[in-house]
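Undergrad: this is a predicted model, with the sequence first.
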Amino acid sequence: MASEATTETTVHTETGVPGGEAHGGGGNFPPFDSSTFPSQLLWLAIMFGLFYYLMSKVALPRIAGILEDREDRIAGDLAEADRLKRETDEAIAAYEQALAEARNKAHSIARTNREKLEAEVEAKRTAAEDKLNQKLAEADARISEIKEAALKEVDGIAAETAEEIVASLIGAKVSKAELDKAVAAGMAR
């Protein structure tokens, strides 16, 4: 039995727990032990001071620098965006002005071309009308000539027709002079 107790003590010594307290002994949990409060408060103050010093001298300046860099970058990006927006607005205004000028120029060209074409069409129409009027005048003159020639022949035709009618009605031939005199008297009426 003595050998068993030695082994048990050795095991407990290796784990760092006093002999009888290894299996749920009666000791208090160290942070709740009132006899260790002053040393715990001292170490709490030291660690708080050390963390406060590290935070104020190392971490917070880095974070402040990062935030300042971000703020500067954001401000720069906003300024750049504003500059680009102004340039875009200016480009749009220039584009719209150029577009309006192009439209006006196109309307002007179209109007000039329309007027030019209208003038050409009017000139061609006038030339065609003049040609037609000339041809009409020539045709009228020709018709007048044909009419006069036909009217001159009407006397002859009328005389021949009268000669034939008289010959068939009376059975006798009438002289040319008498026929011409009768036709002239009939035409005068």
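TA: Yep, that arrived.

Undergrad: what's the first helix or strand after the helix or strand residue 41 falls within?
TA: Residue 41 belongs to helix 37-54 when assigned by DSSP states H and E. Scanning forward in sequence from helix 37-54 by DSSP H and E, the next helix or strand is helix 60-170.

Undergrad: what about that following helix, distance to the chain center?
TA: Distance of helix 60-170 from the chain centroid (C-alpha atoms, centre = their mean, to the nearest Å) equals 27 Å.

Undergrad: that older thread, quick one, the helix holding residue 41 and helix 60-170 angle?
TA: 50 degrees (axes from the mean of the first three to the mean of the last three C-alpha atoms, to 10 degrees).

Undergrad: for helix 37-54, packing partners?
TA: The helices and strands touching helix 37-54, judged by 3 or more C-beta pairs under 8 Å, 6 or more residues apart in numbering; DSSP states H and E, number zero. Glycine gets a C-beta too; all of them are placed from N, C-alpha and C.

Undergrad: pLDDT on it, on average?
TA: Helix 37-54 comes out with an average pLDDT of 94.

Undergrad: how about stretch 92-110?
TA: 95.

Undergrad: alpha carbons of it, as CSV, please.
TA: Extracted C-alpha coordinates of stretch 92-110, given in CSV (Å, rounded to 0.1, in the frame of the first residue of the first chain):
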residue,chain,number,x,y,z
ILE,A,92,-22.1,66.8,-73.6
ALA,A,93,-22.7,70.5,-74.0
ALA,A,94,-20.1,70.7,-76.8
TYR,A,95,-21.6,67.6,-78.4
GLU,A,96,-25.1,69.1,-78.3
GLN,A,97,-23.9,72.4,-79.7
ALA,A,98,-22.0,70.6,-82.5
LEU,A,99,-25.1,68.5,-83.1
ALA,A,100,-27.3,71.6,-83.3
GLU,A,101,-24.8,73.3,-85.7
ALA,A,102,-24.7,70.1,-87.8
ARG,A,103,-28.5,70.0,-87.9
ASN,A,104,-28.6,73.7,-88.9
LYS,A,105,-26.0,73.1,-91.6
ALA,A,106,-27.8,70.1,-92.9
HIS,A,107,-31.1,72.1,-93.0
SER,A,108,-29.3,74.9,-94.8
ILE,A,109,-27.7,72.4,-97.3
ALA,A,110,-31.1,70.7,-97.8
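
Undergrad: show me what counts as buried in it.
TA: Neighbour counts over stretch 92-110 (16 or more other C-beta atoms under 10 Å) mark no residue as buried.

Undergrad: just give me the neighbour total for residue 174.
TA: For residue 174, the neighbour count with other C-beta atoms under 10 Å is 15.

Undergrad: how about the secondary structure of it?
TA: Classification of residue 174 using DSSP: H, G, I helix; E, B strand; the rest coil returns coil.
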